[in-house]
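Q: sharing a model prediction with you, sequence too.
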Amino acid sequence: MTVPLIGRDLKDRDNRPAGKIRAVYRYPVELAMPWGVAAVVRGRLLRSIHLVDLKDADIDHDGVRVPHARETITSAPHFVPLVGETLSEGHATRVRDHYGLTA
């Protein structure tokens, strides 16, 4: 059984609020990165949406905590609108590069 992530709070590595998960996307299959990416909304009036890599994320009853600094999350790539459930190869590469990940 998978835990639904949409609507959960996302916290940074220091357990500080970083936004609310609005959507979850998969990486393209050819990248062999099965964990995915969350689109996180931050702010009430001036909303921003950033893509957050979910590798090594901890999920509990309080929300989702990722091993990234809040500054890394808020400077992450964002793409609006995203269509479908899988990132394009170009978007996936930009997210992967931002978080320093390898396929």
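A: Looks like it came in fine.
Q: grab the longest strand from the chain for me.
A: Counting by DSSP state E, the longest strand found in the chain is strand 17-25.
Q: so which elements touch that one?
A: Using 3 or more C-beta pairs under 8 Å, 6 or more residues apart in numbering; DSSP states H and E, the elements in contact with strand 17-25 are strand 9-11, strand 37-42, strand 48-53, helix 70-74. Placement of C-beta: from N, CA and C, glycine included.
Q: export these to a markdown table and tack on mean neighbour count, distance to residue 95 and mean pLDDT?
A: Formatted as a markdown table, these follow (neighbours: other C-beta atoms under 10 Å; distance: least, C-beta to C-beta, whole Å; pLDDT from 0 to 100):
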| stretch | mean neighbour count | distance to residue 95 | mean pLDDT |
| --- | --- | --- | --- |
| strand 9-11 | 20 | 15 | 96 |
| strand 37-42 | 22 | 6 | 90 |
| strand 48-53 | 22 | 5 | 89 |
| helix 70-74 | 18 | 11 | 92 |
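Q: ok, residue 11 to residue 65 distance?
A: 4 Å (C-beta to C-beta, to the nearest Å).
Q: follow-up on the earlier one: nearest to residue 30, of the helices and strands packed on strand 17-25?
A: strand 37-42 (15.5 Å; C-beta to C-beta).
Q: tell me the strands beside the closest one, with direction?
A: Applying DSSP bridges, strand 37-42 is found paired with strand 17-25 (antiparallel), strand 48-53 (antiparallel).
Q: dump the shortest one to CSV, restricted to CA.
A: In CSV, the C-alpha atoms belonging to strand 48-53 read as follows (Å, rounded to 0.1, in the frame of the first residue of the first chain):
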residue,chain,number,x,y,z
SER,A,48,5.4,29.6,-5.6
ILE,A,49,5.7,26.0,-6.7
HIS,A,50,9.0,24.1,-6.6
LEU,A,51,9.9,20.6,-7.5
VAL,A,52,11.4,18.6,-4.7
ASP,A,53,13.2,15.3,-5.2
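Q: can you list contacts of it?
A: Strand 48-53 is contacted from outside by 10, 18-19, 22, 25, 35, 37-42, 66, 68, 73-80, 87, 91, 95-96, 98-99, 101, using C-beta atoms under 8 Å, 6 or more residues apart in numbering.
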